[in-house]
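*Asks:* coordinates only, no sequence provided:
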Ligand code: ADP
Ligand code: MG
């Protein structure tokens, strides 16, 4: 049975059932008002229910599941973790640990990220010392489970962040195997901005009934503050269109999403020739490169991040003003998550997609999914920024031939 939820008004974080110690930690983190999902989610979790929390991107779902855990936390001499948070990517594991460090009421709570690309022995040593909360990706967690360097028999508090992703085909078996190792008598929480009904039904098998399903603004899949538009452009002119868009928009920071690693690498290499502060982010990079790039991006040192969906989910970077879909994502869900890297916690954002003429169907599927029409805009006018980049004046009566122009334009930027 699924119980629906009414959100009661509360002043600040008081009234959610959090103790003064946790409220002090929240104040120290600088959070003044709980978001809608935090208001609805925290009391239900504290009441002991298994909860599915669905709320738009950038609305504070991480704190919604971390705070009740901190509230519950008890000192123990035990070395085995009592809480587990599963996430789809290494970068998200790091970020959740950072949010945990920000919100933890004291430093006795031991939190450890566990993900691949790192030496096992370092992680094993940390685990031996004792850990309360593990935040990790499925693959590396399974490695530890198979070596018994990690055991989950004490796990009481289990969270699947980006839950629909965790239950899709790529991860489903791993998740099954991990959940088998956790006690049945545990509390399970799922969070995501998207949750297809069939995935939810599957996930429910791992939860205790009655499951509380909280859905904030179910009809508004994407946040209003993100200005969404698309530009129709032939495949061969997409790179030129990208240059025009970034020249017009002058993003503070942006992610340029490509569907494949090779595409991301190609665009990154080209863009490096014309712009400073460009980096690529995809699964073929070495782990230390991935970490360096994310750190530099979070610090605002990188302006243009050309990436695959590896940073499509969960990543929270203050300075991101623009999302550009160089390629349309295959799944409408991914569109929601990608553009949700901007417009976070009430801030403004811009999302521009480059759509090939034959991709009309995909675009319509996305629009159906988000219950919203995306505005079409024209390719930014080449002349509009000629004075800024000092490209020679083109004769006005010549029809633009984008391919040729783009090459000339590219060389000059
Ligand atoms: P989501 O998981 O819903 O996409 P996050 O948990 O990543 O969102 O939170 C988005 C941003 O908002 C983070 O930078 C987080 O630190 C911040 N945040 C979370 N809760 C609050 C709050 N109540 N007030 C202000 N900022 C918050
Ligand atoms: Mg999140």
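*Replies:* In hand now; what should we look at? The structure displayed is predicted, hence computed values, not measured ones. Residues are numbered from 1 along each chain as shown. Ligands and ions are numbered 1, 2, ... in the order given.
*Asks:* tell me where the stretch 1-150 of the chain has helices.
*Replies:* 20-29, 36-46, 61-72, 90-103, 120-129, 138-147 (DSSP state H, counting those that start in this stretch).
*Asks:* just put those in JSON lines and tack on distance to ligand 2.
*Replies:* Every residue, glycine included, has its C-beta placed from N, CA and C. JSON lines is the format used below for those (distance: least, CB to the ion, whole Å):
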{"stretch": "helix 20-29", "distance to ligand 2": "16"}
{"stretch": "helix 36-46", "distance to ligand 2": "10"}
{"stretch": "helix 61-72", "distance to ligand 2": "5"}
{"stretch": "helix 90-103", "distance to ligand 2": "7"}
{"stretch": "helix 120-129", "distance to ligand 2": "23"}
{"stretch": "helix 138-147", "distance to ligand 2": "17"}
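*Asks:* tabulate those (TSV), appending mean neighbour count and distance to residue 290.
*Replies:* Compiled in TSV, those are given as follows (neighbours: other CB atoms under 10 Å; distance: least, CB to CB, whole Å):
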stretch	mean neighbour count	distance to residue 290
helix 20-29	15	26
helix 36-46	23	29
helix 61-72	24	20
helix 90-103	20	7
helix 120-129	13	17
helix 138-147	17	14
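*Asks:* so residue 171 sits in a helix?
*Replies:* Yes: counting by DSSP: H, G, I helix; E, B strand; the rest coil, residue 171 is part of a helix.
*Asks:* residue contacts, the closest residue in space to it that isn't next to it in sequence?
*Replies:* The spatial neighbour of residue 171 that comes closest, neighbours along the chain excluded (CB to CB, 6 or more residues apart in numbering), is residue 138 at 5.5 Å. Residue 138 makes contact with 86, 166, 171, 174, 175, 178 under the criterion CB atoms under 8 Å, 6 or more residues apart in numbering.
*Asks:* can you say which of those residues are buried?
*Replies:* When these are checked for burial by 16 or more other CB atoms under 10 Å, the buried set is 86, 166, 171, 174, 175, 178.
*Asks:* how about the strands in the stretch 301-413 of the chain?
*Replies:* 304-307, 322-325, 349-355, 375-376 (DSSP state E, counting those that start in this stretch).
*Asks:* from the chain's centre, how far out does the third one sit?
*Replies:* Looking back up the chat, that one is strand 349-355. 17 Å (CA atoms, centre = their mean, to the nearest Å).
*Asks:* check which helices and strands it sits against.
*Replies:* If you count contacts as 3 or more CB pairs under 8 Å, 6 or more residues apart in numbering; DSSP states H and E, strand 349-355 packs onto strand 226-232, helix 238-249, strand 322-325, helix 332-339, helix 360-370.
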